[in-house]
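1. A predicted structure for the sequence below; I have some questions about it.
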Amino acid sequence: MKMKKIGTPFFVCNPKSYLYGAESLALAKAADKFAVEYGVEIFFTAPFADLANIKANTENIIVTAQHMDSLVPGRGMGHVLPESLRNAGAEAVFLNHAEHSLTLTDLVKTIKRAKELGIITIVCADCLDEALAIAKLAPDILLCEPTDLIGTGQTSSFDYIIETTTRIKEIDDSILVMQASGISTGEDVYNTIIHGADGTGATSGIIKAADQVKSLEEMIKAVVRAREELSVK
């Protein structure tokens with residue numbers, strides 16, 4: 001199935017399971033507004049049970065599942081069926097996050113199932129070696145996120161961003177490279193994109209903010225600023 005073309009630079013608003021229900025929907029609606037206002041591709045993650053409601057009440061964000069399994073319709077009690085996610089409106093899925101890692105065998109099978117259904121894959125890698133191995137599986141987006149920096153407010157070094165992005169593109173230049181460790185401010189977003197990332201995103205930088213919507217907007221504005229500067233170089 002043909003997948004949606006992803007505009008770059010993109011942003012992922014990833015509340016994980018800190019938000020659900022009405023709070024998740026409220027932030028999703030804000031992201032939906034910003035996607036149009038600023039012309040930025042925004043992915044928005046939510047718990048499985050909230051995906052259909054968010055899809056029904058938004059038009060512009062890419063509704064994103066936090067995980068899925070490789071099973072096909074039939075047996076699989078308790079697993080996450082790809083078809084059910086697609087039917088609920090999910091257009092993208094995270095795979096192999098540090099909080100839900102997969103074996104290589106499972107990752108190969110799950111990426112294959114996502115491609116069959118036209119679901120965009122955002123696959124996580126916690127080091128350069130893992131990123132290079134995963135690049136050979138042709139994910140749509142490869143998130144280079146050192147596990148020990150998640151939630152710390154400390155971003156990856158510019159050298160790391162440049163090296164991982166360059167090395168992955170050498171294997172497959174169609175893969176979009178995302179860098180998102182420790183993103184807390186608009187300036188973090190700007191610096192990450194200006195140093196070569198195709199996209200970035202945040203969790204704690206938004207969730208822990210006194211005003212989550214304002215923090216999200218600050219980050220989206222930073223995406224626009226980086227995009228505009230790169231376009232004139």
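-> Yep, it's here.
2. give me the contact list for the longest strand seen in the chain.
-> Ranked by number of residues, the top strand in the chain under DSSP state E is strand 120-125. With contact meaning Cβ atoms under 8 Å, 6 or more residues apart in numbering, strand 120-125 is reached by 3-4, 6, 12, 43, 62, 64, 91-98, 107, 111, 114-115, 131, 133-134, 137, 139-145, 178. Heads up, the C-betas are built off the backbone N, CA and C, glycines and all.
3. of those residues, grab the buried ones for PyMOL.
-> This is the PyMOL syntax for the buried subset of the contacts of strand 120-125, where burial follows 16 or more other Cβ atoms under 10 Å:
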select buried, resi 6+12+43+62+64+91+92+93+94+95+96+97+107+111+114+115+131+134+137+139+140+141+142+143+144+145+178
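4. among the contacts of strand 120-125, which lie within helices?
-> Leu107, Ile111, Ala114, Lys115, Ala131, Ala133, Ile134 (DSSP state H).
5. distance of the third one from Ala65?
-> Distance of Ala114 to Ala65, given as Cβ to Cβ, to the nearest Å: 10 Å.
6. thinking again about what came up before, including distance to Phe48, could the ones in helices among the contacts of strand 120-125 go into CSV?
-> Formatted as CSV, those follow (distance: Cβ to Cβ, whole Å):
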residue, distance to Phe48
Leu107, 19
Ile111, 19
Ala114, 15
Lys115, 21
Ala131, 27
Ala133, 28
Ile134, 24
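7. show me the two of the residues you listed that sit farthest apart.
-> Farthest-apart pair in the ones in helices among the contacts of strand 120-125 is Lys115 and Ala131; separation 19.3 Å (Cβ to Cβ).
8. tell me how many other residues surround Ser157.
-> Neighbour count for Ser157, taken as other Cβ atoms under 10 Å: 13.
9. now do Gly21
-> Residues contacting Gly21 under the criterion other Cβ under 10 Å number 12.
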